[in-house]
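S.K.: Return a 3D structure for these sequence lines:
(one chain, ligands or ions: 1)
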Amino acid sequence: MITARRTGAALGAEIQGVDLSKDIDDATFRQILDLWHEHEVVFFRDQKLTPAQHVAFSRRFGELELHVRKDCCRPGYHELFVVSNIVEDGKPIGSQDAGLFWHSDLCYLKIPSRGSLFYALEVPHDDSGKPLGDTLFASATAAYDALPAATRQTIAGLKAVQSYKKGYYRDRNGGRRKPLTPEQEAKTPDVEHPIARTHPVTGKKCLFVNEGYTARIAGMPGPDGDALLNDLITHSTKPEFVYRHSWRAGDFLLWDNCLVQHLAIHDYKLPLRRHMERTTLTGTAPF
Ligand code: SIN
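M.R.: Sure thing, here's the model as predicted:
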């Protein structure tokens, strides 16, 4: 029997009683979908999945994205974006610095991602056995609901500019990334999305701004727009809206990219290894 145990934070639940490597019948899949929409982040412990099973389960939710950085995808699986600090034969096996600022996956596309399905293959631990490399998730619905009524009125109808380049080139402890190729640039022009976004299934209002990619408020150049955006971004990740997930190898976690934003904690380094793989669901135009 499938059961859900809340994390105790503003969002998040563990789903128990499902082996994702097996065929999932339609009724169970529907339950998983409903629990995901209700809790915004859901996770399954102790899963043993091949890359093909990860992709096949993800496809039950709909179409998958092929990441713009193909060099970071698992060889033979353009749908599997690898997030890892591991270097093999002198080459990183995936993205080494993904998620190190608050963001929502692919929010910088005209059609942002609906959600992401993240599988933990290797998790680093400190000397005492405590897991490192946690991920924080902030509820965009809790953040929206907690806004003062006047702010909700101010942002109704406003859009924000989401910029891949802002996230890509931001300072990474002094490190510089190699410039995007003209082809990558062409695939990621700045886009505008509603700040108060409506979830396409639940109808809930979400505060859709993040420190990583939200560059400015559309039509509000200058200090007033900057101050409003700063306030919204600071508000959006207040501790009371956040669930912190401590990973175990075998965790399979789903987050909804409209209902939450997330941040990876980089508190480990080689020889401690972290290896995660993500599929990313295609979404629908924000409104
Ligand atoms: C991501 O943003 O996709 C990476 C999250 C993580 O590494 O925990």
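S.K.: which residues does the closest residue to residue 65 other than its chain neighbours contact?
M.R.: Nearest non-adjacent residue to residue 65, counting by CB to CB, 6 or more residues apart in numbering: residue 280, 4.1 Å away. Just so you know, the C-beta spots here come from the backbone N, C-alpha and C atoms, and that holds for glycine as well. Residue 280 makes contact with 64, 65, 67, 79, 81, 105, 106, 113, 115, 116 under the criterion CB atoms under 8 Å, 6 or more residues apart in numbering.
S.K.: same thing but at 7 Å, please
M.R.: Counting by CB atoms under 7 Å, 6 or more residues apart in numbering, residue 280 touches 64, 65, 67, 81, 105, 106, 113, 116.
S.K.: Next one, pLDDT for it please.
M.R.: pLDDT recorded at residue 280 is 96.
S.K.: Likewise for residue 176?
M.R.: In this model, residue 176 is scored at 64, pLDDT.
S.K.: what about the residue nearest to residue 65, is that helix, strand or coil?
M.R.: strand (DSSP: H, G, I helix; E, B strand; the rest coil).
S.K.: related to what we said a few turns ago, contacting the ligand as well, which ones from the contacts of residue 280?
M.R.: Applying CB under 6 Å from any ligand atom, the subset of the contacts of residue 280 adjacent to the ligand comprises residue 105.
S.K.: Just the buried residues of the contacts of residue 280.
M.R.: 64, 65, 67, 81, 105, 106, 113, 116 (16 or more other CB atoms under 10 Å).
S.K.: if you look at the contacts of residue 280, which of them are in strands?
M.R.: The strands, defined by DSSP state E, take in 81, 116 from the contacts of residue 280.
S.K.: quick one: least confident of the contacts of residue 280?
M.R.: Minimum pLDDT across those falls on residue 67, with 81.
S.K.: In space, what's closest to that residue - neighbours in sequence excluded?
M.R.: That would be residue 81: by CB to CB, 6+ apart, it lies 4.5 Å from residue 67.
S.K.: In contact with the one you found, which residues?
M.R.: 67, 72, 73, 95, 278, 280.
S.K.: burial count for residue 203?
M.R.: Taking other CB atoms under 10 Å as the criterion, the count of residues near residue 203 is 7.
S.K.: Which secondary structure state is assigned to it?
M.R.: Three-state assignment for residue 203 (three-state DSSP): coil.
S.K.: quick one: it from residue 141, how far?
M.R.: According to CB to CB, to the nearest Å, residue 203 and residue 141 sit 11 Å apart.
S.K.: what's the answer for residue 170, then?
M.R.: Here the criterion is CB to CB. By it, residue 170 lies 26 Å from residue 141.
S.K.: what does residue 50 give?
M.R.: Separation of residue 50 from residue 141 (CB to CB): 34 Å.
S.K.: More neighbours: which of those two?
M.R.: Between residue 50 and residue 141, residue 141 has the larger neighbour count (other CB under 10 Å), namely 21 against 9.
S.K.: secondary structure element for that one?
M.R.: For residue 141, the host element (DSSP states H and E) is helix 140-145.
S.K.: OK, contacts around the residue of the chain found nearest the ligand?
M.R.: Scanning the chain for proximity to the ligand using CB to the nearest ligand atom identifies residue 99 as nearest, at 2.6 Å. Residue 99 is in contact with 83, 262, 263, 264, counting by CB under 7 Å, 6+ apart.
S.K.: for residue 277, same thing?
M.R.: Counting by CB under 7 Å, 6+ apart, residue 277 touches 54, 74, 80, 82, 119, 121.
S.K.: Tell me what it is bridged to.
M.R.: residue 82, residue 119 (DSSP bridges).
S.K.: got it, and the one 4 residues further on?
M.R.: Beta-bridge pairing of residue 281 under DSSP bridges involves residue 64, residue 115.
S.K.: and the nearest residue to residue 212 once chain neighbours are set aside, how many neighbours does it have?
M.R.: Counting by CB to CB, 6+ apart, residue 212 lies nearest to residue 103, which is 3.5 Å off, once chain neighbours are set aside. Residue 103 has 22 neighbours, counted by other CB under 10 Å.
S.K.: May I have the residues that are in contact with residue 103?
M.R.: 167, 210, 212, 213, 261.
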